[in-house]
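Trainee: Provide a 3D model corresponding to the input given below.
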Amino acid sequence: SGYTWFQIRPETILEFGGNETKNCSVLGPSYVGNLTIGCVDGILFARHNCEPLCFATEPIQVRVGPISGPVYAPPGMALRAQVPCISVNDIYIGDIALTCIN
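Mentor: Here you go, the predicted structure:
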């Protein structure tokens, strides 16, 4: 189904309207982002932007204008990241969008 399930608990008792934010690494060392646990009307909820880390170690060749060069996934990259175009061709501004496929 593409989903991974985790059981999490707040560190303290949450009162009405209270919340607690954790780093997604509490789910495992290969996750980045933030996770918020909250309480509204006695019901716990969780919101997150957790994503698995990208384990790409090899560069990809990218062409920016007439110049090609290697681009590496930034350290700690999740599924998406941006690298400045200047890292390949110093006369261009903007970003190169990277998407990780583990």
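
Trainee: Tell me which residues touch the spatially most central residue of the chain, please.
Mentor: Against the mean C-alpha coordinate of the chain, by CA atoms, centre = their mean, the closest residue is residue 78 at 3.8 Å. Contacts for residue 78 (CB atoms under 8 Å, 6 or more residues apart in numbering) come out as 32-33, 51-54, 100. Using the backbone N, CA and C atoms, a C-beta is placed for each residue, glycine as well.

Trainee: Please pick the buried ones from the residues you listed.
Mentor: By the neighbour-count criterion of 16 or more other CB atoms under 10 Å, the contacts of residue 78 include these buried positions: 32, 51-54, 100.

Trainee: And those residues, which two are furthest apart?
Mentor: 32 and 100 (11.5 Å; CB to CB).

Trainee: Apart from its chain neighbours, what residue comes closest to the residue of the chain positioned farthest from its centre?
Mentor: In the chain, the residue that sits farthest from the middle, by CA atoms, centre = their mean, is residue 66; the gap is 31.2 Å. Setting aside the residues directly before and after it, residue 66 is nearest to residue 89 in space (CB to CB, 6 or more residues apart in numbering), at 7.8 Å.
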